[in-house]
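In: Build the 3D model from these lines:
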Amino acid sequence: MRASSDPTLGRIEDQEEPSPLLPVEMIWLYFVAPLATAPLLDKDFFTLPLAKSLHHVAAGYPIFFTLALTFHSLYIWVMPGLVRRLRTPLAQGVLHVAVGSGVPLVMVILVIHPLKVRLGVGLRYLVAQDILVATLISWMFLFPGLIVQRLRNTAARIERRALLAQRAALEAQLSALQARIQPHFFFNSLNTVASLISENPELAERTLERLAELFRYALDSGKSRFVSLERELDMTRDYLAIQTARFGARLRTHLAVDEQVTGLPLPPLVLQPLVENAILHGMDRREGVSVRVLVRREETWLHLEVIDDGPGPGASEHQGAQTGVKDLRERLRLLYGEQGTLTLEPVPGGGCRARLTLPSGGPPR
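Out: Numbering: from 1, shown residues only. Next comes the predicted model:
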């Protein structure tokens, strides 16, 4: 069995799970079918008084229930293993015929006929006739059950393969998006350090060390779809420190985090694009900008907000690649469906609030 490289996307198996051979709900037939089939073993059933006929049905009920229960037990615990060892449909069909015919033979000789003798019902039938009738009755519920379950297994197999193809496409899309985010992040961060080298070499050196940690985090993020919130916040603090080294007092930052949520999972590099946008758009045509990062949990939802006091959504003249927010929304859609949302809204008094809402327990399964 082979699993996906990303366990969060669920196990992608290249081998099919063992499939049942009979419908599970068939078990209710085992209680009903004997009422209809027991009279077949007593040729005098329809000529007997009603009370005696009912007595014969009651006597035959446990006999046929035992036969049906034997088949059920065989096809639940024994036959799946035997069928999987046979590679051709012909061999599997021969096995079903052998079991469907052999079990009634053995049951009639060892159980049914001795019980009929003990209970004193249907004694006019020979053992051979009992075997024939028991075999026909067995195939009456066994053969349709096998056909129905085979059709179900085929439909489930087609659906499972379609799901695997969908997950493979999802992984490819996520990998492409994440690969596009990393160069974008690297390029902008290196520009920040380059601007410091001539102005403050010592600060540039410290910033490079911090940047190395960011690069390591960004590269590691390509190996997993999810990280802990604590790691994402550490990266965000490093990123803000680098930007503060660049802009100095022009950039004011504040993080308010509910410490009880730091272990929750979330996709890597979801805060950095929002913080970067807040700085770049908030700084547009202004002397400085204030950026706040708020993280809290409400019931089953994790809320992450990045708030700036800049010109607000759509009012900035800064023109970047405009892929950060778009790519982040696409990643959330692929991972969370409609449960992961990102909104940009104006803040009363000026500014922009980027609100990221995710299920606190991770993506839906």
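In: Which residues does the helix or strand encompassing Arg237 contact?
Out: According to DSSP states H and E, Arg237 maps onto helix 229-247. Among residues not part of helix 229-247, those counted as contacts by C-beta atoms under 8 Å, 6 or more residues apart in numbering are 189, 192-193, 195-196, 200, 203, 206-207, 210-211, 213-214, 217, 251, 253, 255, 257, 261-266, 268-272, 275-276, 279, 283, 288, 291, 293, 295, 302. C-beta here means a position set from N, CA and C on the backbone, and glycine is covered the same way.
In: got a pLDDT number for Ser4?
Out: Predicted confidence (pLDDT) for Ser4: 43.
In: cool, and the one 5 residues further on?
Out: pLDDT for Leu9: 45.
In: tell me the secondary structure for Pro80?
Out: In three-state terms, and counting by DSSP: H, G, I helix; E, B strand; the rest coil, Pro80 is helix.
In: wait, it sits on Leu74?
Out: No: using C-beta atoms under 8 Å, Pro80 is not in contact with Leu74; the gap is 9.8 Å.
In: who touches both of those two?
Out: Between them, Pro80 and Leu74 share no contacting residue under C-beta under 8 Å, 6+ apart.
In: Could you give me the PyMOL selection string for whichever of the contacts of helix 229-247 are buried?
Out: Here is the PyMOL command that selects only those of the contacts of helix 229-247 that count as buried (16 or more other C-beta atoms under 10 Å):
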select buried, resi 189+192+193+196+203+207+210+211+214+217+251+253+257+261+264+265+266+268+269+270+271+272+275+276+279+283+291+293+295+302
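In: So which of the contacts of helix 229-247 sit within helices?
Out: Counting by DSSP state H, the contacts of helix 229-247 place 189, 192-193, 195-196, 203, 206-207, 210-211, 213-214, 217, 271-272, 275-276, 279 in helices.
In: Angles on the backbone of Arg297, please.
Out: Phi and psi for Arg297, reported as degrees, to the nearest 10, are phi -120, psi 130.
In: The nearest residue in space to it that is not next to it in sequence and Glu338, how far apart?
Out: Closest residue to Arg297 apart from its sequence neighbours, by C-beta to C-beta, 6 or more residues apart in numbering: Val261 at 4.6 Å. Between Val261 and Glu338 the distance is 22 Å, computed by C-beta to C-beta, to the nearest Å.
In: looking at this, Leu21 is in a helix?
Out: No: counting by three-state DSSP, Leu21 is not found in a helix; it is coil.
In: my read: it touches Leu146, true?
Out: Yes: under the criterion of C-beta under 8 Å, Leu21 makes contact with Leu146 at 6.6 Å.
In: for Leu86, what are its contacts?
Out: Per C-beta under 8 Å, 6+ apart, neighbours of Leu86: 92, 95.
In: phi, psi of it?
Out: The phi/psi pair for Leu86 (degrees, to the nearest 10) is phi -90, psi 130.
In: what do you get for Leu264?
Out: Main-chain dihedrals, Leu264, degrees, to the nearest 10: phi -70, psi 150.
In: Was I right to think it contacts Val295?
Out: No: Leu264 lies out of contact with Val295 (C-beta under 8 Å); the separation is 9.4 Å.
In: if I look at these two, which residues touch both of them?
Out: 229, 302.
In: tell me the contacts of Phe143?
Out: Neighbour list for Phe143: Gly100 [criterion: C-beta under 8 Å, 6+ apart].
In: that's a helix at Lys223, yeah?
Out: No: per three-state DSSP, Lys223 lies outside any helix segment and is coil.
In: any idea how far Leu240 is from it?
Out: Applying C-beta to C-beta, the value for Lys223 to Leu240 is 25 Å.
In: So which of the two has more stuff around it?
Out: Taking other C-beta atoms under 10 Å, Lys223 and Leu240 do not tie; Leu240 has more neighbours (20 against 9).
In: Quick check: pLDDT value at that one.
Out: Per-residue pLDDT puts Leu240 at 90.
In: now do Val257
Out: 92.
In: What's opposite it in the beta bridge?
Out: Under the criterion DSSP bridges, Val257 forms beta bridges with Val295.
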